[in-house]
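**Q** next come a sequence and a model predicted from it.
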Amino acid sequence: MKKLWFPILLIFLSLSSFLPPSASAHTNNSEGFSTIEVKEKSLDYELKLDLEELGHALNKETDQKQLIDHKVVQQYINSHIKLYTDSELIEGSVVKTDVEMIKERPFAVINLAYKTEHKPEKLVVQYNMFLDDSDPSHANFATIKMDGKQQEKILTFESRELEIGEVSFLQNAKQFLVLGLEHIFTGYDHILFVISLLFGAKTIRHILSLVTAFTIAHSITLALATFDIIHLPSRFVESAIALSIIYVALINIFNKDSKHQPWLAFGFGLIHGFGFAGILAEMRLDTNHMVTSLVSFNLGIEIGQLIIVSLAYPLILWIKKLTLKPIKWVIPGTSVAILAFGLVWFIERAF
C-alpha cells in the first residue's frame, strides 16, 4: 500500500505544474486604507490598496510604471465602491495615482474626487473591493471626516458599509420633491402619454377623472416597488410604457371622437408607477425617512403632471376650436408623431 503513495505523489506534482500561475498570484488577507474628507461641494477620497491584489483584480501585471490606467481603475473602483450623499449615488474621478511602500509591501495610492451639488448631511459608503472577486479576506481600514466629526470602521466581507451624519426632514422632503419634478419633466414617455390622454378628454371633469385615476394607480405601484413588495424587470416595465403610448396614440388616430375612460388611465398608470420607481431603485433611501421620501417624490411628480396638463389642455382646446382645415390635422399629426416615438422606444427597450 505504501508503494502506491510515491507514484500518486509524482502524478499530483506533475499536474500541479500545469495549474495557471494566477491561482496563487494574489495575496491573502490583503489590506486597504480609505480616508474620505467631505468638503462644501466635493469629497476627497484617498484609497490605498495592495498593489499585487489590485493587479490581480484588474487582470494585469503589477509593473509600477504602467500600474494604473486612470480610466480602467476609475471604472473598477466606481463599480466596487458606492458613495451615497443624502441617498444619491455619486461617482468619483481619479485625479492622481502613486505607489507607496507600507509594511514593506507596495501599495497603490489612488486619489479620487467626487462632486456634489451641495454639502451632504449624510454619507454612506458601500465597499466591495476584492471581496467578491479575488480576496474574500480583504480588509479596509476606513476613516470619514465630515463637519468636524470622524467615523472609523474596518470594512470586511461581513461588514461592508460605513455611514456618517443624518439627513434632516426638510432637506429630505425638498430633495425628493425636486427629484420628482425633474423626473416627470425629463420623462418624455410619461409626458407624451399624459398628452395623448388629453387628446381624448372632453371636459374639465373628464380630465380630473383621468388624472386622478392615473395618479392613484402609479402611486400604488410606486409604493409597492419602493418597499420591494413587487418587483418587475425594468425591460418589461419600460417596454410596457412604450406600448401604453402606442395604444392610446392609435385610438386617437383611428377614433377621433373617442373618450378615454378612467379605467384605461388607471390600468396604464399601474405600469407607469413601476417606471417612476426605477430612479428610486438606483438610490439608497434612508430608512428613517422612507415614507417622507416616497410622498415627496410622488408629490413632485403630481405637481409636474398638473403643470403639464394646465399648459397643454388649453392649447388643445384652442386648436380644436379653430376652423382652418390645415389646423384640423395638427392633433392627428401629433398623434402620429407620438405613435412613432412609442414604436421607436418599444423596439429599443424590448429588443
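**A** Yes, it's here. Numbers count the residues shown, from 1 in each chain.
**Q** strands of the protein, start to end?
**A** Shown for the chain, the strands assigned by DSSP state E span residues 31-38, 42-50, 81-85, 88-90, 92-102, 105-115, 122-127, 139-146, 149-155, 161-165.
**Q** quick check: the gap between Ile191 and Glu166.
**A** Using Cβ to Cβ, to the nearest Å, Ile191 is found at 36 Å from Glu166. Yep, even glycine has a C-beta here, placed from its N, CA and C like the rest.
**Q** with neighbour numbers in mind, choose between the two.
**A** Ile191 (17 against 12; other Cβ atoms under 10 Å).
**Q** tell me who's in contact with the more buried one.
**A** By Cβ atoms under 8 Å, 6 or more residues apart in numbering, the residues touching Ile191 are 184-185, 308.
**Q** identify, from those residues, the entry nearest to Glu46.
**A** Proximity of the contacts of Ile191 to Glu46 (Cβ to Cβ) peaks at Phe185, which lies at 38.1 Å.
**Q** quick revisit: tell me the one among the contacts of Ile191 nearest to Ser196.
**A** Ile308 (11.9 Å).
**Q** quick check: that closest one touching Ser196?
**A** No: taking contacts as Cβ atoms under 8 Å, Ile308 lies outside contact range of Ser196: 11.9 Å.
**Q** what's Ser258 sitting at in phi/psi?
**A** phi -70, psi 150 (degrees, to the nearest 10).
**Q** distance check, it against Gly200.
**A** The value you get for Ser258 to Gly200, if Cβ to Cβ is used, is 5 Å.
**Q** who's more crowded, those two?
**A** Each of Ser258 and Gly200 has its neighbours counted (other Cβ under 10 Å); Gly200 has more, 20 against 15.
**Q** hey, where'd the helices end up in the stretch 101-250 of the chain?
**A** Along the stretch 101-250 of the chain, counting by DSSP state H, counting those that start in this stretch, helices occupy 169-186, 188-199, 204-226, 234-254.
**Q** so the second one versus helix 234-254, what angle?
**A** Which is helix 188-199. Relative orientation of helix 188-199 versus helix 234-254 (axes from the mean of the first three to the mean of the last three Cα atoms, to 10 degrees): 30 degrees.
**Q** what about the nearest residue to Leu112 once chain neighbours are set aside, how many neighbours?
**A** Nearest in space to Leu112, with sequence neighbours left out and distances taken as Cβ to Cβ, 6 or more residues apart in numbering, is Gly92 at 3.6 Å. Gly92 sits with 20 neighbouring residues when counted by other Cβ under 10 Å.
**Q** residues contacting Gly92?
**A** Neighbours of Gly92 in contact, by Cβ under 8 Å, 6+ apart: 43, 45, 74, 77-78, 81, 83, 112-114.
**Q** equivalent analysis for Trp263, please.
**A** Ala213.
**Q** any idea how far Asp98 is from it?
**A** 64 Å.
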